[in-house]
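In: Fold the following for me, if possible:
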Amino acid sequence: MNNLTQITLYSLIPVAAIVIGGISGLIKKPSGMFTSSVLHFAAGVVFSVVSVELLPDIIKQHKPLEVGIGFGLGISTMLLIKFFVEKLEKKDDKLLDKNKLPMGLLIAMGIDMLIDGLLLGVGFAAGNKEGILLSVALAIEVFSLGLAVVLACADSKISKQKNIAILFILGILFFIGAIIGILFLSGLSQEMLELVLSFGLAALLFLVTEELLTEAHEEEETPFQTACFFGGFLLFLLIGMIV
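Out: Down below sits the predicted model:
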């Protein structure tokens, strides 16, 4: 099995995860506590991969200019995406027809999946180990995203068939992002790779702090949910040390 084929197969793990997450939500509507716990766990996992795997690779190259530019571009991009997505979501809130799809939210999720796919490419650019761990971490994150899709569409009275179709479309967007990232990042110079890794670092930190944990805190916080974050962090810290 060549490297590109292996990477492509690993990119299918998060695709399967969002579909499984959504279908499980269709079978039985998850409680707020369960959803919040999954989000906390996913945040801990992604943060662990970022701090244990990506950050050391960035620091050891000692290229502060590229790191500064890449990190700044990453934060700026995520803030711009958040700004436009919030405008779309406000338009959705004004709609009175509950049978319509929440397009603002779905567009936001589509952009999120594309970015996540690109970040998987960033992970594999740093190394196979980093890419594999990030693949599993993003799979846990998009599992919770699948639950969010189902809950949002349930409020809009969308059929199960349309729910599943939306989940597959989002999964395909992740796969497209991953393939673009993998192909684009192959053969980059060390300076450009450092810039791209820093961009990915900023985007993943934004994902943890401004998306996963923000959504997780919409439910009343409990010690168990807090423990899920640190449990996810510790689990992937240990896996990173063993693998």
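In: For the protein, just list every one of the strands.
Out: With DSSP state E, there are no strands along the chain.
In: Just checking, which helix or strand of this protein averages the lowest pLDDT?
Out: helix 103-126 (a mean of 79; mean pLDDT, DSSP states H and E).
In: What residues sit buried inside it?
Out: 104-106, 108-126 (16 or more other CB atoms under 10 Å). Where C-beta positions appear, they are placed from N, C-alpha and C, glycine not excepted.
In: Let me know whether E141 touches L212 as I believe.
Out: Yes - contact criterion CB atoms under 8 Å: E141 and L212 qualify, at 6.6 Å.
In: what's the overlap in contacts for the two?
Out: Counting by CB atoms under 8 Å, 6 or more residues apart in numbering, the shared contacts of E141 and L212 are 42, 46.
In: and the spatially closest residue to C153 that is not a sequence neighbour, what does it touch?
Out: Excluding the flanking residues, the one nearest C153 by CB to CB, 6 or more residues apart in numbering is N163, at 5.2 Å. N163 sits next to 22, 26, 149-150, 153 when contact means CB under 8 Å, 6+ apart.
In: Could you single out the nearest of those residues to P223?
Out: V150 (27.4 Å; CB to CB).
In: separation between that closest one and Q225?
Out: Using CB to CB, to the nearest Å, V150 is found at 20 Å from Q225.
In: Compare these two (neighbour count), which wins?
Out: Counted by other CB atoms under 10 Å, V150 and Q225 do not tie: V150 has more neighbours, with 24 against 20.
In: Ignoring the adjacent residues along the chain, who's closest to that one?
Out: Residue nearest to V150 in three dimensions, not counting chain neighbours: G25, with 3.6 Å by CB to CB, 6+ apart.
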